[in-house]
Structures are given as C-alpha cells and as structure tokens.
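> My questions concern the predicted model and sequence given below.
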Amino acid sequence: MVDLQVAFDWAEDNAPRFEELPDGSKLHARKDICAFLLLHKLSPRVGDIISGAGHDQIWLNVDFAKLAEMASQDDINLLSACGVFIDSDDAESLSMFA
C-alpha cells in the first residue's frame, strides 16, 4: 500500500513532465484522458469521474483506499505528470486544473 501524500509529493518534485514520457507509458495522448483512464483502472467506480468543479479546478471521484492499495509509485508519477494532485483543502480528494 502506498502513502498517497508521500507519493504525490515525491512525484511533484521528481516525475518527468507528460510530454517527456514515452508514448508507450501513456494510456492516451491527452493528459486528462490518460489520467481518467488510469484512475478508472486503479479505482473503478460507477458514475462520473468528475465529482465537482469550481472556477478552473475539477475534483475527481476516486476511492482513496482502493487507489492507495492498487497504485505504484510509477502510477502516481504518471498521474502527477497528467496534472493530478491531492487537494490542499481536502487530503482525501484528487483534483486537476482545467
């Protein structure tokens, strides 16, 4: 099981940018779609993946416990490269900027 906060913090400082990743490591050429596909693979849920939006930010519908159980650091690195981060106002909420 991965500590998501630690993994995202590490990825923010160390993971390559999305454009620098080889195409074979991406689930889609678009960052947002790549993130959505990976999150669904790691933490499948029924319903919309976007749980809310405000101004220029969206929040993602993800089971944090399942994600921590299933994700590797490489998965978190890819999510971070896609622009996914843990919301600073809610430590159990993933978010992206639009």
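Okay, I see it. Numbers count the residues shown, from 1 in each chain.

> next helix or strand past the least confident helix or strand in the chain by mean pLDDT?
Every helix and strand of the chain was ranked by mean pLDDT, DSSP states H and E. The lowest is strand 50-54, at a mean of 89. Proceeding N to C from strand 50-54, the next assigned helix or strand is strand 57-60, under DSSP states H and E.

> Using neighbour counts, pick out the buried residues of the helix or strand that that next one is followed by.
Counting by DSSP H and E, the next helix or strand C-terminal to strand 57-60 is helix 64-70. For helix 64-70, the neighbour count (16 or more other CB atoms under 10 Å) marks Leu67, Ala68 as buried. Bear in mind the C-beta positions are built from the backbone N, C-alpha and C, glycine included.

> Over to stretch 75-94?
By neighbour count on 16+ other CB under 10 Å, the buried set for stretch 75-94 is 75-82, 84-86, 93-94.

> do stretch 12-19 as well
Using 16+ other CB under 10 Å as the test for burial, stretch 12-19 gives Ala15, Phe18.

> who's in contact with the least confident helix or strand of the chain?
Around strand 50-54, the neighbours that count as contacts under CB atoms under 8 Å, 6 or more residues apart in numbering are Ile58, Trp59, Leu60, Asn61, Ala98.
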